[in-house]
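**Q** Quick one: sequence plus predicted model below, questions after.
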Amino acid sequence: MKKLISTMLAASIVLVPMAGKANAVTNELNMTAKKELLTETALKYQIPPEILKAIALRESNFTQFNGDGSPYMNPVDKGIGIMQVTPSTFSESEKQSLQMNEDRLKTDTQYNIEMGAKILKLKWDLGGTKLPKVNSGNPLYLESWYYALMGYNGVSASNNPTVPQTNPYQSQIYQLLKNSQIKTQGIPTDPSKFGFDDQGRLTGTALQWDYAYTPSMNTSHSGKVIFTNQDGANLRATPDGTVVGRIAGNEKIEILDDHPVESASLYNLFSYYKVKADGKTGYMSSSNFKLLRFPLPNPENLSGQKEAYARLVIKADTPIVKKENGVYKTLRMAKTGEGLRVYTIDGEYYGLGANLFVKQNRNAADLVVGLLRVNNQFIYLKDITDKTYVAMDNKVYAKHAGKDELILGKAVVMKDIAIYNASGKVFRTGKTKERLRVYKILPDRYEIGGGYYVKKQNVDYYPVF
């Protein structure tokens, strides 16, 4: 690991007490013990454990000692141990600020891990000032650590994603996560978004990364409602053990023990949790967990849109409940074939407006989030990612930037209105009861294709008709 910007370290460090020598780990631990230390340390510093474990895999294959008991060291840059901390890249004052002890880096696995975590957290704390940050800079999201990862290895040409034929360190980390079935969103391909100037220097510009809101599922699940991802998940008798069942996608999971159990496999960067799902009990990897939310480019920013984001299609009669003083009471039954507008998601409930909700149940209702036109056929969608559309039958369609016809809903004209062209001039009159496809929703208008739009007055919007 290389230094980011040496002059920033001393001024930016926030000291956190390190483990004392009495707790030093001076022999090579087994794989699960090392991952337990990594997960515990990551949570202490508010780092996603998946990220810290991926660094240890990339840097050393989780290795602290050689076979003969000597410290594992990089012969080129003299990086030390499991996190490949490189004292030679820090000044004496910086080492003092970090409380860096080279002997302990060589002999104490726990100390080495904690030093690596402190340095990564330092790079994170530079986000928005000396380093750009991703979107809102929420540390819960795996993609948010892009620039901190770059800083951990070093801001250099080899880690500049705008330089052709490079394989940046941070991209390698996300590939390791992907290899472990932890599916983060694809890294943007537009060089102008990365915050580098023509000289390869970072400008501090934030990276706007659509759909980059993959939450760490290797943290406490207290107060969260967890579901299996859309592909479903294996249930195992023990961590890394025999598969005893297959749980369907979008099935609610009950966490029976919120203490993570680590995998003994080198490349598994997730943790296991003891769960109950679909009436079965066993262990499931955190890479199969998800929260219920809308598949939007920015799911954090829902306050600016009054329109519904999706349509809930009822497959079997199911209760519509009203929330009063935190208690859900049945108001009526939604009938098979009924379509309901969905404005919010509250834990395991779809919000219909006016404090009305339907509880998520994959057997009773499907959430439809878009309509894709492919070869003159209309495909209803259940999920949208940075690079794909997922149909209700799980068929996946690749995105083609600027060429796809993705329909969000329809605008029904309630009273004759003007239809405007891209220049803001009236093109024609929209007649009462006319239905217009909506491709984009803006604060004051609906874009209906070809550069044409209508204002929001005297129209009623229906999501995914």
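**A** Yes, it's here. Just so it is clear, the structure is predicted and the values come from calculations on it, not from any experiment. Residues are numbered from 1 along each chain as shown.
**Q** all helices for the stretch 51-200 of the chain, in order.
**A** 92-98, 102-107, 109-125, 146-153, 169-179 (DSSP state H, counting those that start in this stretch).
**Q** okay if I get those helices as JSON lines plus distance to Tyr389, mean pLDDT and mean neighbour count?
**A** All C-beta atoms are positioned from the backbone trio N, CA, C, and that covers glycine. Shown next, in JSON lines, are these (distance: least, CB to CB, whole Å; pLDDT from 0 to 100; neighbours: other CB atoms under 10 Å):
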{"stretch": "helix 92-98", "distance to Tyr389": "47", "mean pLDDT": "89", "mean neighbour count": "15"}
{"stretch": "helix 102-107", "distance to Tyr389": "48", "mean pLDDT": "96", "mean neighbour count": "18"}
{"stretch": "helix 109-125", "distance to Tyr389": "33", "mean pLDDT": "96", "mean neighbour count": "23"}
{"stretch": "helix 146-153", "distance to Tyr389": "25", "mean pLDDT": "95", "mean neighbour count": "26"}
{"stretch": "helix 169-179", "distance to Tyr389": "19", "mean pLDDT": "96", "mean neighbour count": "18"}
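**Q** for those helices, which one sits closest to Gly451?
**A** With CB to CB as the criterion, Gly451 lies closest to helix 146-153 of the helices of the stretch 51-200 of the chain, at 34.4 Å.
**Q** and Gly449, what does it touch?
**A** 437, 439 (CB atoms under 8 Å, 6 or more residues apart in numbering).
**Q** repeat that for 10 Å
**A** Residues near Gly449 by CB atoms under 10 Å, 6 or more residues apart in numbering: 405, 407, 436-440.
**Q** How many neighbouring residues does the residue lying closest to Asp346 once chain neighbours are set aside have?
**A** With sequence-adjacent residues excluded and distances taken as CB to CB, 6 or more residues apart in numbering, Asp346 is closest to Phe357, at 6.7 Å. Per other CB atoms under 10 Å, the neighbour tally for Phe357 reads 24.
**Q** Then Glu447?
**A** Glu447: 18 surrounding residues under other CB under 10 Å.
**Q** Please report the distance of it from Lys425.
**A** Applying CB to CB, to the nearest Å, the value for Glu447 to Lys425 is 16 Å.
**Q** Looking at the helices of the stretch 51-200 of the chain, spot the one closest to Ile187.
**A** Counting by CB to CB, Ile187 lies closest to helix 169-179 out of the helices of the stretch 51-200 of the chain; the figure is 6.2 Å.
**Q** quick one: strands adjacent to the very next helix or strand once past that closest one?
**A** Sequence order places strand 226-228 as the next helix or strand after helix 169-179, per DSSP states H and E. Paired neighbours of strand 226-228 in the sheet (DSSP bridges): strand 252-262 (antiparallel), strand 289-291 (antiparallel).
**Q** who's in contact with the residue nearest to Tyr461 when sequence neighbours are not counted?
**A** Closest residue to Tyr461 apart from its sequence neighbours, by CB to CB, 6+ apart: Glu307 at 4.8 Å. Glu307 makes contact with 341, 343, 408-409, 411, 438, 441, 446, 456, 460-463, according to CB under 10 Å, 6+ apart.
**Q** Can you read off the pLDDT for Trp304?
**A** Residue 304: Gly, not Trp. We have a pLDDT of 66 for Gly304.
**Q** This structure - how does it break down into domains?
**A** For the chain, whose domains are defined here by automatic domain parsing, the residue ranges read 1-196, 226-291, 310-368, 371-463.
**Q** what would those domains look like in CSV with distance to Thr219?
**A** CSV is the format used below for these (distance: least, CB to CB, whole Å):
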stretch, distance to Thr219
domain 1-196, 7
domain 226-291, 9
domain 310-368, 17
domain 371-463, 22
